[in-house]
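Engineer: Any chance you can model this:
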Amino acid sequence: MSTEFEEIKEAVWQEKKKGISAVWIVPMVALVIGVWLVAKAYMEKGPQIEIYFKSASGIVAGKTPIKYKDVEVGKVTDVTFDASLKRVKVAAELSPIMRPFLSENTRFWVMHAKLGVGEVQGLETLLSGVYIVIDPQEGERKVRSFEGLDHIPVITSREKGTTYIVKTEDIGSLTIGSPVYYRHIEVGRVSSFRYDIDENMVVMEIFVQKPYDRLIRSKTRFFNVSGVYASLSADGIEIQTESLVSVMMGGMAFDNFPQHGRGRPVKEKHTFYLYADKKAAEKIEYNHELYFWTYFDESVRGLSEGAPVEYRGVKIGEVVTVTLIGDPQTAEFKIPILIKIEPQRFLMDTRGKYGNDVNATVFERLLKKGLRAQLKTGNLLTGELYIDLDFYKDVPPVTPYKENSLYVIPAVPTTIASLKSNLQTLLQRIAAIPYEKIGKEMHELIVQLRTQTVPKVDGSVESVEKLMRDTDKLMNAARKNYFDTNAELNRKLLRLLDEMMRTTKSIKHLTDYLERHPESLIKGK
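Structural biologist: Prediction:
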């Protein structure tokens, strides 16, 4: 009995051990569904982010969307302040698809209506209200807190190109968004700028689109084309402008000038210097300069710093400074003009290499040959002057000398100054004529003619009249004896002429006969 009871007990226990109570099925199913719902909710819920702006103008919690390529990818959930109350903290929830692109390079900004020269942005916000734009970019770090941009950026991740650094001492009318040109074609924009206190320069970042970024090389030069550039100089009137946009909002351009060489390719963020204008960018920078003094005794009005120094129309240098120096002891003034000559502009055989100083032998030879400086008018309209170096004959010899360790090139007056000097000399000579003395002497001469010379002249006139009468008689006698047709001499001359004519005819007959009968000289007629 006991054995049967134990078997029955063991069978019942084993049956209970293997079975699962139906009571637990419902909680387990509920748990699985709950986990699935939580997972689904988590997977569908996008990342929560924080964006800090200086102002929340137009941003409304629960309404302001976040867009990428005009597609809504998130929404603002809350708008509050940070702990310091200096910034606005905007909490937002994004679409899960944006999760991989929330890096340290991702940018946010508020899109609002913007009307500018050459661009129109965000006009739809006038009716629908502002929205936040996301510029998603991949990066090394995944972040959830971002600093919003204060302005609409010029460049987005969709644009392809290269960023470069351009430095300048004065930014002028350039600003963020100013165009960058290449031969009047807009190829980029100014993306940002800042002031570097250490370098005392404005540092700008510019973005050049592909494929134009391949044009930029180490010898490329950037120059300002803002507004309208006009200059009046000895070279004439020059006006430059790039486009109406650059006139209104500024701009810069770049080019590869052949005189500077081709250069090598450069990498992103390569640094360039911004020249004031195209003329300055084209200018060749010479590394060797010779400085001289020259003085002019005439007015130098119209001669400015940077005015050209030429030799027979070829520029070889420029004016550095024009100053006025007075001597309180002698109360004399002089105008020293410092000029620089760039020997690399021309070739000269100096029997050696150029040094830092002027070759004394060559300079002395040039002065002996007549090298002089002269002021000339470069532009009649503006009155701009320039300095012309040339060789002049019949100039007094000079010995080379220095002032403040620099040689002095002697000057000759201008043509107008020479004419003025000659005219003044002529007027001085005319003024020095003793008109009063000459008048007195003329009066005395007239009195003498009346009292002494005129009576003598009257007697001489009578003698002359008698001589003329005798001469007339002589001519009449000669005419009667020699030239009259009835004169004896005339008749004899006529007979002589007749005889000479007959003789000539006889000789002619004889020569004709001898030509026909030459044998008659031997046989006879």
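
Engineer: how's this protein carved up into domains?
Structural biologist: For the chain, the structural domains run 2-42, 48-147, 161-282, 290-428, going by automatic domain parsing.

Engineer: Quick check: which of those domains is nearest to Val154?
Structural biologist: domain 161-282 (4.4 Å; Cβ to Cβ). Glycine gets a C-beta too; all of them are placed from N, C-alpha and C.

Engineer: circling back to that earlier point, okay if I get the domains of the chain as TSV plus mean pLDDT and mean neighbour count?
Structural biologist: Formatted as TSV, those follow (pLDDT from 0 to 100; neighbours: other Cβ atoms under 10 Å):
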stretch	mean pLDDT	mean neighbour count
domain 2-42	64	9
domain 48-147	85	15
domain 161-282	84	16
domain 290-428	81	14
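
Engineer: In CSV, list the ones you listed along with distance to Asp498.
Structural biologist: Converted to CSV, the domains of the chain look like this (distance: least, Cβ to Cβ, whole Å):
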stretch, distance to Asp498
domain 2-42, 160
domain 48-147, 117
domain 161-282, 89
domain 290-428, 73
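
Engineer: just so I know, which of those lies nearest Ile438?
Structural biologist: Here domain 290-428 is closest among the domains of the chain (Cβ to Cβ), at 17.6 Å.

Engineer: what's the closest non-adjacent residue to Lys315?
Structural biologist: Ranked by Cβ to Cβ, 6 or more residues apart in numbering and with sequence neighbours excluded, the top spatial neighbour of Lys315 is Pro308, at 4.7 Å.

Engineer: That neighbour and Phe292, how far apart?
Structural biologist: 15 Å (Cβ to Cβ, to the nearest Å).

Engineer: Over to Val79?
Structural biologist: For Val79, the distance to Phe292 - Cβ to Cβ - is 72 Å.

Engineer: try Tyr131
Structural biologist: Where Phe292 is concerned, Tyr131 sits at a distance of 68 Å (Cβ to Cβ).

Engineer: What's opposite Val190 in the beta bridge?
Structural biologist: For Val190, the beta-bridge partners under DSSP bridges are Ile206.

Engineer: which residues touch it?
Structural biologist: Val190 sits next to Val154, Leu174, Thr175, Ile176, Gly177, Ser178, Val180, Met204, Glu205, Ile206, Met252 when contact means Cβ atoms under 8 Å, 6 or more residues apart in numbering.

Engineer: In a markdown table, list these along with secondary structure and distance to Glu285.
Structural biologist: Output for these, formatted as a markdown table (DSSP: H, G, I helix; E, B strand; the rest coil; distance: Cβ to Cβ, whole Å):
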| residue | secondary structure | distance to Glu285 |
| --- | --- | --- |
| Val154 | coil | 32 |
| Leu174 | coil | 23 |
| Thr175 | coil | 29 |
| Ile176 | coil | 31 |
| Gly177 | coil | 31 |
| Ser178 | coil | 26 |
| Val180 | strand | 23 |
| Met204 | strand | 22 |
| Glu205 | strand | 26 |
| Ile206 | strand | 23 |
| Met252 | strand | 20 |
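
Engineer: Pick the one among these closest to Gln137.
Structural biologist: Val154 (15.7 Å).

Engineer: got a list of what the closest residue to that closest one other than its chain neighbours touches?
Structural biologist: Nearest residue to Val154, sequence neighbours excluded (Cβ to Cβ, 6+ apart): Arg189, at 4.4 Å. Shown in contact with Arg189 (Cβ under 8 Å, 6+ apart): Val154, Ile155, Gly177, Ser178, Pro179, Val180, Ile206, Phe207.

Engineer: Specify which member of these is nearest to Tyr68.
Structural biologist: Nearest member of the contacts of Arg189 to Tyr68, counting by Cβ to Cβ, is Ile155, at 15.6 Å.

Engineer: Could you verify that that closest one is part of a strand?
Structural biologist: No - judged by DSSP: H, G, I helix; E, B strand; the rest coil, Ile155 forms no part of a strand; its state is coil.

Engineer: What does it show for phi and psi?
Structural biologist: phi -120, psi 140 (degrees, to the nearest 10).

Engineer: Could you verify my assumption that it touches Ser191?
Structural biologist: Yes - taking contacts as Cβ atoms under 8 Å, Ile155 lies within contact range of Ser191: 5.3 Å.

Engineer: Please identify every residue contacting each of the two.
Structural biologist: Thr163, Phe207.

Engineer: So the residue nearest to Asp170 when sequence neighbours are not counted versus Ile216, what's the distance?
Structural biologist: Nearest non-adjacent residue to Asp170, counting by Cβ to Cβ, 6+ apart: Val202, 7.3 Å away. Distance of Val202 to Ile216, computed by Cβ to Cβ: 20 Å.

Engineer: Please apply the same query to Gly172.
Structural biologist: Distance from Gly172 to Ile216, by Cβ to Cβ: 21 Å.

Engineer: same deal with His184?
Structural biologist: Distance check for His184 against Ile216: by Cβ to Cβ, it reads 17 Å.

Engineer: Next: Asp82.
Structural biologist: 41 Å.

Engineer: residues contacting the residue nearest to Pro96 when sequence neighbours are not counted?
Structural biologist: Nearest-residue entry for Pro96: Gly46, 4.7 Å, with adjacent residues in sequence omitted and distances by Cβ to Cβ, 6+ apart. Contacts for Gly46 (Cβ under 8 Å, 6+ apart) come out as Gly74, Glu93, Leu94, Ser95, Pro96, Met98, Arg99.
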